[in-house]
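> I'd like to go over a predicted model; first the sequence, then the structure.
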Amino acid sequence: MTQDAQKAFTCLAIELAAGVGSVAACIGTQTTSREYPVPSMQSREIYSGVREVLDDLGLELAALDCIAFGCGPGAFTGLRVAAAAAQALAYGAGIPVARVSSLASLAAGAARRHSVDCVVPCFDARMGEAYLGIYTGNPSTGLQEVVPDRLVDPEQFRLSADLQFFAAGPGWSVYPALVENHPAQIVGSDFTLEPSADDLLVLASQQFRDGQTVAAAEALPNYIRDKVTY
């Protein structure tokens, strides 16, 4: 590995909050990743994927700057598994953890793919509710959380009438009322987009640079809803 590569940001990321899970690693701008269907994913597949992406780049866990995971909100089982894996790996390697919002990861992916400045990512929270956030900016210069991720009633929820935004994520298609409540505000959409470990890497680099990582024991999921249902 070259001296420049050693100085570049190195990270392992795990994202399991939605329907498609992923594991990714990076040395600076060089990345590699694997994807898995979350409903049928086993813990051993995560650790196998971790080993594969690290081997792709010739990295060792203890040499990483940090480990990142999608802390939610999202599917409770996926969040628990991702948090447990991040905690175990980080504790064993003696490195910190970047807790990254899975909605922020989704927003970063939308901003990167569609070149948009304001994204409202949305997941189905089950029980007739949705997880939703508002993000502006882009991953390369800094993604900003406009309002904290929240749980909403799709039938009643309405964003400010003067907010123009890109609607991202499967929650929008699950709850058509969300779209119907914002006919003049949605300037574009991608309802198939899922959060990815690749986008977690970019957001984790911001946290690491800003000193916002946490110890392994503090790497907890952000369920938002207290009642665990899935």
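That came through fine.
> tell me how far residue 76 lies from residue 90.
21 Å (C-beta to C-beta, to the nearest Å). C-betas here are computed from N, CA, C, even on glycine.
> which one of these two has more residues nearby?
Each of residue 76 and residue 90 has its neighbours counted (other C-beta atoms under 10 Å); residue 90 has more, 26 against 18.
> the more buried one falls within a strand, correct?
No: under DSSP: H, G, I helix; E, B strand; the rest coil, residue 90 falls outside any strand and is assigned helix.
> the spatially closest residue to it that is not a sequence neighbour: neighbouring residues, count only.
Distances taken as C-beta to C-beta, 6 or more residues apart in numbering put residue 216 closest to residue 90, at 4.0 Å, once the chain neighbours are dropped. Using other C-beta under 10 Å, residue 216 has 18 other residues around it.
> do the one 3 residues further on as well
Per other C-beta under 10 Å, the neighbour tally for residue 219 reads 26.
> what pairs with the nearest residue to it once chain neighbours are set aside across the strands?
Among residues not flanking residue 219 along the chain, residue 97 sits closest, at 4.0 Å (C-beta to C-beta, 6+ apart). Residues in a beta bridge with residue 97, per DSSP bridges, are residue 67, residue 214.
> helix or strand: which one has residue 32?
strand 30-37 (DSSP states H and E).
> note down every partner strand of that strand and its orientation.
Per DSSP bridges, strand 30-37 is paired in its sheet with strand 20-27 (antiparallel).
> what does the strand it pairs with rub up against?
Contact with strand 20-27 is made by 1, 5, 8-15, 31-38, 41, 46, 49-50, 52-54, 56-57, 59, 78, 82, 194, 196-198, 200-201, as judged by C-beta atoms under 8 Å, 6 or more residues apart in numbering.
> pull out the CA atoms of that strand and give them to me as CSV.
Below are the C-alpha coordinates for strand 20-27, written out as CSV (Å, rounded to 0.1, in the frame of the first residue of the first chain):
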residue,chain,number,x,y,z
VAL,A,20,-31.4,-4.6,0.2
GLY,A,21,-28.5,-4.8,2.6
SER,A,22,-24.9,-4.0,1.7
VAL,A,23,-21.3,-4.0,3.0
ALA,A,24,-18.6,-1.7,1.6
ALA,A,25,-15.1,-0.5,2.3
CYS,A,26,-12.9,2.3,1.1
ILE,A,27,-9.5,3.8,0.9
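> pLDDT of that strand, averaged?
Averaging pLDDT along strand 20-27 gives 96.
> same question, stretch 70-79
What stretch 70-79 shows for mean pLDDT is 95.
> same check, this time on stretch 158-166
Here the average pLDDT along stretch 158-166 is 97.
> just the buried residues of that stretch, please?
Across stretch 158-166, burial judged by 16 or more other C-beta atoms under 10 Å covers 159, 165-166.
> need the residues you listed in TSV with secondary structure, can you?
Shown next, in TSV, are the buried residues of stretch 158-166 (three-state DSSP):
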residue	secondary structure
159	coil
165	strand
166	strand
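> let me have the residues you listed in CSV, extended by distance to residue 65.
Formatted as CSV, those follow (distance: C-beta to C-beta, whole Å):
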residue, distance to residue 65
159, 36
165, 32
166, 31
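> between these, which sits nearest residue 141?
Closest approach to residue 141 among the buried residues of stretch 158-166 (C-beta to C-beta): residue 166, at 16.8 Å.
> what helix or strand is the nearest residue to the closest one once chain neighbours are set aside on?
Excluding the flanking residues, the one nearest residue 166 by C-beta to C-beta, 6+ apart is residue 116, at 4.1 Å. Here residue 116 sits in a region with no helix or strand, counting by DSSP H and E.
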